[in-house]
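**Q** sequence first, predicted model second:
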Amino acid sequence: MLVTFIERYNFFLLILFMGCYFYQAVYVLIGLFKKDEEGPENPELKHYAVLISARNESAVIGELLQSIQQQDYPSGLIDTYVIADNCVDHTADIARSHGAHVFERFQSAKVGKGYALDYAFHKIAAEKGIRYYAGYLVFDADNVLDKNYIREMNRTFSLGYPVITSYRNSKNYDSNWISAGYALWFLRESRFLNGARMKCHTSCAISGTGFLVSSETIEKDHGWKYSLLTEDIEFSTDHIIRGDRIGYCSKAILYDEQPIDFKASWNQRMRWTKGFYQVFARYGGKLLNGIFRNRSFPCYDMLMTIAPATLITLTSLLLNGFFTVGGILTGHARVTEASLLAMGGCLTSIYLSLLAFGSVTIIAERKQIHCKTSRCLLYLFTFPIFLFTYIPISVAALFKNVTWKPVPHTIIRSTEQICRYSNKKQQV
């Protein structure tokens with residue numbers, strides 16, 4: 001009887017997961033074979049503000065500001081604002097030396113990117129009015145931009161999307177298995193999540209950095225009202241519930257620095273996980289309402305994105321582990337065998353699924369992966385292991401009081417250096 005329960009329980013979980021996330025396998029096919037939606041060749045060139053929230057980023061912010069100045073877009077139509085948020089270094093001075101407008105903010109009680117953005121929007125509203133710009137491009141200080149970034153975002157913006165996200169690549173895919181794990185995940189997200197969503201004419205989601213928000217959207221929101229630990233996911237979720245469709249521009253490429261230290265990675269992903277829990281708690285009911293009342297697929301997609309699936313997997317592993325120990329102690333060999341097979345099958349199926357997603361991403365995006373081929377293949381096999389480390393993080397985030405902590409950034413590479421460095425590596 002117990003063996004039957006174990007088998008049926010695990011089979012039920014397998015069917016549940018496959019049913020809930022099967023659409024993402026369909027996304028892969030769409031991402032591979034359907035053409036991108038592009039804007040007109042010569043749209044009206046609009047006036048944009050660039051917002052960069054920076055806390056003690058003097059090591060890297062200059063490279064980002066230089067890449068903004070080198071954009072293939074009229075410089076008179078780009079105004080750059082740096083929010084030097086609780087800085088004790090030379091971030092503000094470096095930003096000014098590159099011609100940026102600088103807002104220095106010192107507020108220890110309200111810490112985080114969401115608060116910094118809201119501060120900047122209110123300052124701009126008071127000085128010029130929110131509608132002075134057509135839209136606002138938001139970046140992190142460690143980013144660098146492809147020279148066509150703003151021009152391509154403007155093309156997609158001309159299609160009428162109120163919010164647009166972009167292609168998130170990495171400065172340092174090649175550093176180690178940790179940075180490669182991040183980088184491969186973001187490439188998959190760009191091509192096979194947001195890219196596929198755009199092709200299906202459903203809603204995408206912004207992801208931390210590299211997005212454009214229309215001035216009308218900021219005006220309706222009265223600034224930036226999102227301050228949970230994952231303010232980007234909160235923003236996306238709220239706007240999807242409200243029926244807004246977030247677009248995606250595959251040709252607007254930015255390069256983002258990924259952590260290489262496990263402790264820094266742990267802290268960052270702890271914040272992300274806690275933030276997902278916060279968004280799920282606050283907006284989960286509204287997403288369900290959107291699914292059943294409005295038959296909204298974007299609401300379903302977003303609910304699957306923020307749902308604590310890792311905890312369900314962990315619960316399954318723990319329950320099967322409990323049965324394994326119980327079977328050993330009581331001498332029920334069939335119970336032990338069934339639960340061990342279930343645990344092994346669960347971990348193996350997850351590993352192989354992640355390996356498959358990683359493989360398809362590497363094959364499809366190889367030209368965008370700036371890493372020696374042998375290392376790229378090695379990091380493919382460590383990619384599932386990197387994601388397995390979310391299991392203890394997911395547990396710790398349930399009980400830990402998580403606060404925003406800055407991630408140190410030190411890698412200085414222009415887009416030309418990233419690509420040139422990659423080409424040299426691949427020739428070795």
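**A** Okay, I see it.

**Q** which parts of the stretch 201-350 of the chain are helices?
**A** Listed in chain order, the helices of the stretch 201-350 of the chain (DSSP state H, counting those that start in this stretch) span 215-221, 231-241, 262-294, 297-306, 309-330, 333-365.

**Q** beta-bridge partners for the residue nearest to Val138 when sequence neighbours are not counted, please?
**A** Spatial nearest neighbour of Val138, excluding adjacent residues (CB to CB, 6 or more residues apart in numbering): Leu51 at 5.0 Å. For the C-beta atoms, the positions are set from N, CA and C on the backbone; glycine is no exception. Beta bridges link Leu51 to Tyr81, Val138, judged by DSSP bridges.

**Q** thought Leu51 was touching Asp85?
**A** No: the criterion here is CB atoms under 8 Å, and Leu51 misses it with Asp85 at 11.4 Å.

**Q** between these two, which is the more surrounded one?
**A** Applying other CB atoms under 10 Å to Leu51 and Asp85 shows that Asp85 carries more neighbours, namely 27 against 23.

**Q** now that one: how far from Thr91?
**A** 9 Å (CB to CB, to the nearest Å).

**Q** any residues in contact with both of the two?
**A** By CB atoms under 8 Å, 6 or more residues apart in numbering, Asp85 and Thr91 have these common neighbours: Ala54, Arg55.

**Q** can you get me a residue count around the closest residue to Thr202 other than its chain neighbours?
**A** Spatial nearest neighbour of Thr202, chain neighbours left out: Pro298 (5.3 Å); criterion: CB to CB, 6+ apart. Pro298 has 26 neighbours, counted by other CB under 10 Å.

**Q** for Pro298, what are its contacts?
**A** Per CB under 8 Å, 6+ apart, neighbours of Pro298: Thr202, Ser203, Ile240, Arg245, Gly290.

**Q** next: Leu254.
**A** Counting by CB under 8 Å, 6+ apart, Leu254 makes contact with Phe139, Asn143, Val144, Leu145, Asp146, Tyr149, Ser166, Tyr167, Arg168, Asn169, Thr209, Gly210.

**Q** look up how far Ser414 lies from the closest residue to the third one other than its chain neighbours.
**A** Take Val144 and drop its neighbours on the chain: the residue closest to it by CB to CB, 6+ apart is Ser67, 4.5 Å away. From Ser67 across to Ser414, the span is 7 Å (CB to CB).

**Q** more crowded one of the two?
**A** More crowded of Ser67 and Ser414, by other CB under 10 Å: Ser67, with 21 against 16.

**Q** give the buried residues for stretch 253-270.
**A** 253-260, 264-270 (16 or more other CB atoms under 10 Å).

**Q** what's the closest of these to Met302?
**A** In terms of CB to CB, no member of the buried residues of stretch 253-270 lies closer to Met302 than Arg269, at 19.7 Å.

**Q** so what's the closest one scoring on pLDDT?
**A** pLDDT recorded at Arg269 is 95.

**Q** wouldn't it be in contact with Ile393 here?
**A** Yes: between Arg269 and Ile393 there is a contact under CB under 8 Å: 5.3 Å.

**Q** and the residue nearest the centre of the chain, how far from Arg188?
**A** By CA atoms, centre = their mean, the chain has its centre lying nearest to Ser207, at 3.5 Å. Here the criterion is CB to CB. By it, Ser207 lies 11 Å from Arg188.

**Q** go on, Ala95?
**A** 33 Å.

**Q** so which of these two has more stuff around it?
**A** Each of Ala95 and Arg188 has its neighbours counted (other CB under 10 Å); Ala95 has more, 29 against 24.

**Q** who touches that one in this structure?
**A** Applying CB under 8 Å, 6+ apart, one finds that Ala95 lies in contact with Ile52, Ala54, Ile61, Leu65, Val82, Ala84, Val102.
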